[in-house]
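with the sequence up front, the predicted model follows.
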Amino acid sequence: MGVPIFGTNLLGKEMEGEDCHQSSKEGRDDGGKGILVILVGAPGSGKTTFCDHVMKNAHRPWTRICQDTIANGKAGTKAQCLKSASEALKDGKSAFIDRCNLDREQRADFVKLGGSKVDVQAVVLDLPARLCISRSVKRTGHEGNLQGGKAAAVVNRMLQKKELPKLSEGFSRITFCQNETDVQGAVNMYSALGPLDNLSSGCFGQKNTDAKVQLGIMKFLKKVEVPDSRVSDPNSFADSIPKQEVEKDVSCLGTENSSIPVSNVDKNFTKGKDVMGGSSHGAVTANDIQTLAFPSISTADFQFNHENASDIIIEKVDEFLSKVENVRLVLVDLIPGSHMLSLVRAKAAQKHIDSKRFFTVAGDITRLYTESGFRCNVIANAANWRLRPGGGGVNAAIFSAAGQALEIATKKRAETLSPGSSVVVPLLPNSPLYEREGVTHVIHVLGPNMNPQRPNCLKNDYIKGCKILREAYSSLFESFASIERTQSIQKEGRWICASDSHDNPVDYSCSDQCPEGEQKVKRGDCFESERNKKYKALPLEPVLKDSECGNSNSHTVTSEVCEQKNKKATEGAKKVWQSWAQALYQIAMYPDQHKDNVLEKSDDIVVLHDLYPKAKRHLLVLSRLNGLDQLSDVQKEHVWLLRAMHSVGLRWAERLLSDDASLIFRLGYHSVPSMRQLHLHVISQDFNSPHLKNKKHWNSFTSAFFRDSVDVIDEVEKLGKAPVNDDDKLLSMELRCHRCRSAHPNIPRLKAHISNCQARFPSALLQNGRLVCAPSKEMGDS
DNA sequence: GTTCTAGAAC
DNA sequence: GTTCTAGAAC
């Protein structure tokens, strides 16, 4: 293997040499045929890499035909690929078809290129969905522009429609690769092929891939009458699944033994656009079943133990379904076969949870209807405590799918959410989620957090954690039930809107510009006022009157928000910040308006260059928490934030060190900052900057006025607050070198000195990670 | 936080 | 005369 072999191939190309012996493990059973290899695999499965690796070491001429680049580097058509493949084969080359080719139809035309002179083979990169998704999400510069957030949904959707190739399609050989070892084996095999070699016919490498098909669900879906068009009958749970796809999509269902009679389904599922679109009926009928789709709470970014979480899901689902009739619950996970889905599915079966009312589904929670036909009128969002978009995962997906209106509507209902609670936000009919998916409400829910870099980390306290997770699901389901109650009351004509609202429905698209006090429509009424204009003349029903805190739908959030608002009201007089001192605050609150300055943004943090750096490298890691202006405001509850800020600062320091290993960084806070909004300085210790001009500048970074981040974190953990050194004298002290401690009469002389001083740093700074330098560097040892 | 500038220090 | 600081204004 691996020795170049020359000869004359059947396509008439003159080759040199004479050694045409069997060169592959599988053996050559035909002499010198061209080979057309159709790669089969989802985005991220490694098709391009496979081709590259084979072609790098190949002993026969190969060409890679990629639809994403075939048109002068841009995406082209299947026809172009076919033409190009045909030409390459005629030219005596072998070819890889580098496109997904996940179903038979996509492959068929390429298979037809085979014949007496060309062998058509398939290499199936059947790697775990999780891996493909993870690769697709992470990659940049993908030829097909499939990367980042959208990749996960696309990969998932494609995988659900995957149809493994069969020899009967016309392949002479199919090589299945289900892990990296298989892939490497196939790469080796194809790269070793000389011009006259070929591989044996047949299927190779296929392990038992029979996905457990849930017969009950299959029966159910097969029983469902598939309508000719969605419009004609938008009511059924599975109504959008074309007949030929039903079987394939079933594999994404996690419920075993489900066998929902078609009659049940048709009657009980919420009536799509009829309900939501403001038809003359305008309300859910008594027989309509409300369906809540929810992600597993806390098990992703919050790192909650899956065993505990799945137990709690089952417990709470069981409890809720036994209490409330005419509702369905659907646990959704983006990744087929995810650990949580498997656990919950198994436990649900064990506990005999009603499989007609509880489902586990693999899919994108924001596209359940369009992609899988699941009509869920309410979806839950695993929100963050700030109720802000972003952060990735379900939260980012839902905020993105629902449009900006959700963000605004959410802010109208609650500013923040505490662990274990939830808040209902109705969607306006023009929300894409409403129009497309039939989702009328989003319930934000916050679970317990075990991730030390997220707020309110419970540090593996699972007694507390389980309690909060139970509360979160209880709150979520209660919120869901409250929607049901609300709609039932609407149906009976007792749901009323504030008088003005009918004529002046809130336009969320502009309401962020309206002062709060001028809002004419009561919160919570906006959506209903759109939907139920027929009830506009009826008097206000006290039972549904908004609380003062502005929450109509979920009692669970009311106390929470009131508490927060009261807390704010009772806060003592805070320092008044001059306008010039508000710049960082503005950036923290509205980072998108300062994109040019922002290096990194998350829900909690913004990173930016200090506008007037006092050293070669000087960044600010800015907290986005409103109300936390300076170190003296920090309390124990903010330790997570200090840690997160430190971690981000450290990461940036390391990044900057990779560009210039001579730098040394210190991370810390000014005891009394000039600018509002808690910010961590990440500053190199050269202090080589024209912006460092006076004594105050110098002393603010080199005296006890500067509080090391590591110390601040320790102290806040131990004492519940961060002691600050706010003595003005610190800033007017004599100018001393931060390394050798020598005194200097003025700034120019000091700067002249420090540009050369290489003394070892004072020992206090060398401890506890206060200084950060490149791994190989000794700090000031010369 | 910066800029400006009067006046002290050299 | 030049350099530097420090207080006021923003």
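Yep, that arrived.

for the rest of this, base every contact and every neighbour count on C-alpha atoms.
OK.

excluding covalently adjacent residues, which one is nearest to A:Thr77?
Excluding the flanking residues, the one nearest A:Thr77 by Cα to Cα, 6 or more residues apart in numbering is A:Gln67, at 6.3 Å.

model confidence for the one you found, exactly?
For A:Gln67, the model assigns a pLDDT of 84.

that one is in contact with A:Cys81, isn't it?
Yes: the criterion here is Cα atoms under 8 Å, and A:Gln67 meets it with A:Cys81 at 6.1 Å.

mind listing the strands for the stretch 51-200 of chain A?
A:62-66, A:94-98, A:118-125, A:173-177 (DSSP state E, counting those that start in this stretch).

low-scoring stretches of the stretch 201-350 of chain A, by residue?
Residue ranges of the stretch 201-350 of chain A with pLDDT under 70: A:207-288.

likewise for chain A?
For chain A, residues meeting the criterion pLDDT under 70 lie at A:1-31, A:137-153, A:156-157, A:160, A:207-288, A:484-573, A:779-782.

distance of A:Leu628 from DNA strand C?
Distance check for A:Leu628 against DNA strand C: by Cα to the nearest atom of the strand, to the nearest Å, it reads 22 Å.

ugh, wrong one, I meant A:Trp385
Distance, A:Trp385 to DNA strand C, using Cα to the nearest atom of the strand: 36 Å.

so that residue touches A:Ser421, yeah?
No: applying Cα under 8 Å, one finds A:Trp385 not in contact with A:Ser421, separated by 9.9 Å.

who touches both of those two?
Each of A:Leu446 lies in contact with both A:Trp385 and A:Ser421 under the rule Cα atoms under 8 Å, 6 or more residues apart in numbering.

hmm, back to that, would TSV of the strands of the stretch 51-200 of chain A with distance to A:Leu417 and mean neighbour count be doable?
Listed next are the strands of the stretch 51-200 of chain A as TSV, based on distance: least, Cα to Cα, whole Å; neighbours: other Cα atoms under 10 Å:
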stretch	distance to A:Leu417	mean neighbour count
strand A:62-66	48	23
strand A:94-98	47	24
strand A:118-125	43	25
strand A:173-177	46	23
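
compare these and give me the one nearest A:Leu642.
Within those, the stretch nearest A:Leu642 is strand A:118-125; the backing value is 44.1 Å (Cα to Cα).

of all of the stretch 501-650 of chain A, which residue lies closest to DNA strand C?
A:Trp580 (6.2 Å; Cα to the nearest atom of the strand).

who are the contact partners of A:Val54?
Neighbouring residues of A:Val54 by Cα under 8 Å, 6+ apart: A:Val187, A:Asn188, A:Tyr190, A:Ser191.

which non-adjacent residue is nearest the third one?
For A:Tyr190, ignoring the flanking residues on the chain, the nearest one in space by Cα to Cα, 6+ apart is A:Val54 at 6.2 Å.

one more: the first one?
Excluding its sequence neighbours, the residue lying closest to A:Val187 (Cα to Cα, 6+ apart) is A:Val54, at 5.4 Å.

ok so, going back, let me know the closest of the contacts of A:Val54 to A:Ser742.
Each of the contacts of A:Val54 was checked against A:Ser742 using Cα to Cα; the closest is A:Val187, at 65.2 Å.

can you pull the contacts of the residue of chain A found nearest DNA strand C?
DNA strand C sits closest to A:Asn746 of chain A, with a gap of 3.2 Å, by Cα to the nearest atom of the strand. Shown in contact with A:Asn746 (Cα under 8 Å, 6+ apart): A:Leu735.

if I look at it, how far off is A:Phe705?
19 Å (Cα to Cα, to the nearest Å).

between A:Trp385 and A:Ser421, which one's more packed in?
Shown here are A:Trp385 and A:Ser421; by other Cα atoms under 10 Å, A:Ser421 has more neighbours (28 against 20).

so who does A:Asn597 touch?
Going by Cα under 8 Å, 6+ apart, A:Asn597 touches A:Leu608, A:His609.

repeat the analysis, applying 6 Å as the threshold.
Counting by Cα atoms under 6 Å, 6 or more residues apart in numbering, A:Asn597 makes contact with A:Leu608.

ramachandran angles for it?
phi -100, psi -20 (degrees, to the nearest 10).

what residues are up against the closest residue to A:Arg676 other than its chain neighbours?
Leaving aside its sequence neighbours, A:Arg676 sits nearest to A:Asp629 (Cα to Cα, 6+ apart; 5.1 Å). Going by Cα under 6 Å, 6+ apart, A:Asp629 touches A:Arg676, A:Gln677, A:Leu678.

sort out which of these are in strands and list them.
In strands, judged by DSSP state E, none of the contacts of A:Asp629 are found.

regarding chain A, what is its longest helix?
Longest helix in chain A by number of residues (criterion: DSSP state H): helix A:462-491.

the closest residue to DNA strand B within chain A: neighbour count?
Chain A approaches DNA strand B most closely through A:Ser674 (3.5 Å), counting by Cα to the nearest atom of the strand. Neighbourhood size, A:Ser674 [other Cα under 10 Å]: 13.

and for it, nearest residue in space, chain neighbours not counted?
In space, A:Ser674 is closest to A:Ala581, 6.4 Å off (Cα to Cα, 6+ apart).

shouldn't that neighbour be in contact with A:Leu678?
No: using Cα atoms under 6 Å as the test, A:Ala581 is too far from A:Leu678 to be in contact (11.9 Å).

have a look at those two and say which one is more surrounded.
Legend: neighbour count by other Cα under 10 Å for A:Ala581 and A:Leu678, higher for A:Leu678 (28 against 15).

these two touch, right, that one and A:Asp633?
No: counting by Cα under 6 Å, A:Leu678 stays clear of A:Asp633, with 8.7 Å between them.

so what's A:Asp301 closest to, chain neighbours aside?
Nearest non-adjacent residue to A:Asp301 (Cα to Cα, 6+ apart): A:Asn451, at 7.1 Å.

then A:Gly114?
Leaving out its chain neighbours, A:Gly114 is closest to A:Val120 (Cα to Cα, 6+ apart), at 5.4 Å.

about what we covered before: possible to save the strands of the stretch 51-200 of chain A as a markdown table with distance to DNA strand C?
Below are these laid out as a markdown table (distance: least, Cα to the nearest atom of the strand, whole Å):
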| stretch | distance to DNA strand C |
| --- | --- |
| strand A:62-66 | 59 |
| strand A:94-98 | 61 |
| strand A:118-125 | 63 |
| strand A:173-177 | 66 |
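
mind checking these for the one nearest to A:Gly32?
So among the strands of the stretch 51-200 of chain A, strand A:118-125 is nearest, using Cα to Cα, at 9.2 Å.

parallel or antiparallel, list what pairs with that closest one.
Its sheet considered, strand A:118-125 pairs with strand A:34-40 (parallel), strand A:173-177 (parallel) by DSSP bridges.

next, the angle strand A:94-98 makes with that strand.
Calculated by axes from the mean of the first three to the mean of the last three Cα atoms, to 10 degrees, strand A:118-125 forms an angle of 40 degrees with strand A:94-98.

could you export strand A:118-125 as PDB, CA atoms only?
C-alpha atoms of strand A:118-125 as PDB (Å, rounded to 0.1, in the frame of the first residue of the first chain):
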ATOM      1  CA  VAL A 118     -16.700   4.500 -13.900                       C
ATOM      2  CA  ASP A 119     -17.400   2.900 -10.600                       C
ATOM      3  CA  VAL A 120     -19.800   4.800  -8.300                       C
ATOM      4  CA  GLN A 121     -19.200   4.400  -4.700                       C
ATOM      5  CA  ALA A 122     -20.400   6.100  -1.500                       C
ATOM      6  CA  VAL A 123     -18.600   7.100   1.600                       C
ATOM      7  CA  VAL A 124     -21.000   7.800   4.400                       C
ATOM      8  CA  LEU A 125     -19.700  10.100   7.100                       C
END
